[in-house]
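> need the 3D shape of this:
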Amino acid sequence: MSNKVTPADLAAAIRNVPDFPKPGIQFKDITPVLADGRLFAGTIELLCAGYKPGDVDAVVGIDARGFIFAAAAALRLGAGFVPVRKKGKLPYDTHEQSYDLEYGSNTVAIHVDAVKPGERVLLVDDLLATGGTASAAIHLLEKIGAKILEVHFLIELQFLDGRSKLKSYPVKSLVTY
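The predicted structure is shown next:
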């Protein structure tokens with residue numbers, strides 16, 4: 001039996017939690033993936049596929065679950081980790097971008113010097129839903145001059161068509177619903 005993790009293995013481990021955080025939302029719980037060392041390591045391998053150390057200058061993770069995958073991918077690729085955080089959570093000068101999501105609105109921020117112009121980055125998050133969060137993060141990265149190579153997600157909710165907001169960049173999702 002192979003130790004190689006497939007997207008089907010990940011899909012089998014992701015748990016549906018109905019009516020969270022509010023009625024009508026079908027929450028995709030990734031904690032079973034994180035709790036299984038083999039699945040977690042396999043997720044990082046799949047997210048980094050096609051890249052080797054030296055290909056990427058920074059892996060950018062979106063607050064908060066995106067941090068888990070982006071930080072591990074950054075280690076795997078020998079790259080830096082850059083957080084995109086919710087407004088008010090970064091201690092230095094920031095750029096901010098507001099956006100709408102499937103059940104509300106929010107604002108994210110990035111340090112003005114998080115990456116140097118022209119640096120190659122991967123943007124990583126756990127979930128692509130309406131695309132608002134990722135689109136806001138892309139806007140911030142473009143503002144500071146990053147060269148966005150790809151945008152990677154563990155999960156994509158295709159029925160919400162978030163990919164359409166990211167059409168300027170290659171998007172990779174490991175598990176789709």
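
> give me the phi and psi for His139.
Its backbone dihedrals place His139 at phi -60, psi -40, with angles given as degrees, to the nearest 10.

> need the contact list for it.
Remark: with contacts taken as CB atoms under 8 Å, 6 or more residues apart in numbering, His139 is in contact with Gln97. Every residue, glycine included, has its C-beta placed from N, CA and C.

> what pLDDT does it get?
According to the model's per-residue confidence, His139 sits at a pLDDT of 98.

> show me the residue at the heart of the protein, geometrically.
In the chain, the residue lying closest to the centroid (CA atoms, centre = their mean) is Asp125, at 1.2 Å.

> now do the host helix or strand of that residue: distance to the chain's middle.
Remark: Asp125 resides in strand 120-128, with elements defined by DSSP states H and E. Strand 120-128 has its average C-alpha position 3 Å from the chain's average C-alpha position, going by CA atoms, centre = their mean, to the nearest Å.

> can you check stretch 40-59 too?
Taking mean C-alpha positions (CA atoms, centre = their mean), stretch 40-59 and its chain are 12 Å apart.

> ok, stretch 122-134 next?
When C-alpha coordinates are averaged (CA atoms, centre = their mean), stretch 122-134 and its chain have centres 5 Å apart.

> straight-line length of that stretch, end to end?
Its start and end residues considered, stretch 122-134 measures 12 Å (CA to CA, to the nearest Å).
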